[in-house]
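**Q** take this sequence and fold it.
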Amino acid sequence: MSLTVPFRLAPLALLLIVLIAVMPANADAASIQLTASLKASLDKTAASADTKTAAKLQTLYVDLGAQLKADKDTAASIKTLQYRNEEAVILIRKQIREIDAAKVSRLSNDVQQVKARYKPLFDSYAALNKQLATARSLKNKTLTGVLSFQADAMKIAVQLARSDIKAKETAYKTAKTAASARIKAARDSLAAIDPLKVQIKAHRSSLSQMRASQSPVWSNFKYALKKYDANGAHNTLASLVASAKQIAAQQQKIYTLEAKISDVVAATRSRYL
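**A** Numbers count the residues shown, from 1 in each chain. Next up, the predicted model:
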């Protein structure tokens, strides 16, 4: 899907960009930073340990770096997909509101136009029947006969006009009912994204808690490095790697749910638009 924003949607799309851009970092990407100075401290701590512990420290550090990169990459993918989904949902909701709108409007105009076209005929017929009623009340047989003949002749045209109007009204009502049904069906289809968003919100809440729980462990890890405590560094680093993997799994769940939202939008568009 192109990220080009239609002019009419620009204000909403720009708002989405702002909202996504200012989303707290702990909601999308890791706050742990592996710096050169930290690596130097790790190397010194590893050098003070036995060979086995030193090797484990280096392996865990590399593993943590890989997990953090995967976390960052997945967070970026989620943000991109989320933006595209929000933009797509805004657009499809607008398109749903406009289902068969032009057709219904045209048929409504047809009804108004045909009524206007036959109005002079109906007015003349009503006036003629009024004159006929007056002639009958006056018991004027000659005038009654003439007017009755004219009324009978005009009645055929009036019946045809009424049939024409009824046909136009039926076409309009049928189209309006069909459009309403399609709109409801499309909205019901799109409503499948609501529980997905609820799940995403729940996963984001869990993700935030996971990241928050990393903070004290990260502080303990840095403290262990400062004290050249190889065992302490190993234990905290192992804990960080384990939690990073859990975060990666949680991120993947969020991405999968965003992908499902894309599928719902695509299926709704394909079926109803």
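
**Q** contacts only, for the most centrally placed residue in the chain.
**A** By Cα atoms, centre = their mean, the chain has its centre lying nearest to residue 89, at 2.4 Å. Contact analysis of residue 89 by Cβ atoms under 8 Å, 6 or more residues apart in numbering lists 190, 193, 261, 265. Every residue, glycine included, has its C-beta placed from N, CA and C.

**Q** distance between the helix or strand that contains the third one and the chain's centre?
**A** What it means is residue 261. Using DSSP states H and E, residue 261 sits in helix 230-272. Distance of helix 230-272 from its chain centroid, counting by Cα atoms, centre = their mean, to the nearest Å, is 21 Å.

**Q** let me see the mean pLDDT of that helix.
**A** For helix 230-272, mean pLDDT is 96.

**Q** which neighbouring elements make contact with that helix?
**A** If you count contacts as 3 or more Cβ pairs under 8 Å, 6 or more residues apart in numbering; DSSP states H and E, helix 230-272 packs onto helix 36-47, helix 51-97, helix 141-190, helix 193-226.

**Q** off-centre distance for the shortest one?
**A** When distances are taken as Cα atoms, centre = their mean, helix 36-47 is centred 48 Å away from the chain's centroid.

**Q** what is the burial count for the residue lying closest to residue 273 once chain neighbours are set aside?
**A** Once flanking residues are discounted, residue 273 sits nearest to residue 95: 5.4 Å by Cβ to Cβ, 6 or more residues apart in numbering. Residues near residue 95, counting by other Cβ atoms under 10 Å, number 14.

**Q** tell me the pLDDT of the residue nearest to the centre of the chain.
**A** Residue 89 carries a pLDDT value of 97.

**Q** before we move on, what about residue 165?
**A** Confidence score, pLDDT, at residue 165: 97.

**Q** pretty sure it contacts residue 117?
**A** No. If you go by Cβ atoms under 8 Å, residue 165 and residue 117 don't touch, sitting 9.3 Å apart.

**Q** so the two - more neighbours on which side?
**A** Neighbour tally, residue 165 and residue 117, criterion other Cβ under 10 Å: the higher count belongs to residue 165, 17 against 12.

**Q** which non-adjacent residue is nearest that one?
**A** Per Cβ to Cβ, 6+ apart, closest to residue 165 is residue 114, 5.4 Å.

**Q** can you pull the contacts of the one you found?
**A** 164-165, 168.

**Q** nearest to residue 48, of those residues?
**A** residue 168 (92.4 Å; Cβ to Cβ).

**Q** any idea how many residues pack against the closest one?
**A** 19.

**Q** so it sits right up against residue 109, yeah?
**A** No. Checked against Cβ under 8 Å, the pair residue 168 and residue 109 is beyond contact range at 9.8 Å.

**Q** distance check, the residue nearest to the centre of the chain against residue 254.
**A** 17 Å (Cβ to Cβ, to the nearest Å).

**Q** quick revisit: any chance of the contacts of residue 89 in a markdown table, plus distance to residue 51?
**A** Putting the contacts of residue 89 into a markdown table (distance: Cβ to Cβ, whole Å) gives the following:
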| residue | distance to residue 51 |
| --- | --- |
| 190 | 60 |
| 193 | 54 |
| 261 | 50 |
| 265 | 55 |
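
**Q** can you say which two of these are spatially most distant?
**A** The two members of the contacts of residue 89 with the most space between them (Cβ to Cβ) are 190 and 261, at 9.8 Å.

**Q** these two: who's more crowded?
**A** Taking other Cβ under 10 Å, residue 190 and residue 261 do not tie; residue 261 has more neighbours (23 against 20).

**Q** which residues touch the more buried one?
**A** Contacts of residue 261 by Cβ under 8 Å, 6+ apart are 85, 89, 193, 196-197.

**Q** using JSON lines, please lay out those residues together with distance to residue 179.
**A** Output for the contacts of residue 261, formatted as JSON lines (distance: Cβ to Cβ, whole Å):
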{"residue": "85", "distance to residue 179": "26"}
{"residue": "89", "distance to residue 179": "21"}
{"residue": "193", "distance to residue 179": "22"}
{"residue": "196", "distance to residue 179": "27"}
{"residue": "197", "distance to residue 179": "27"}
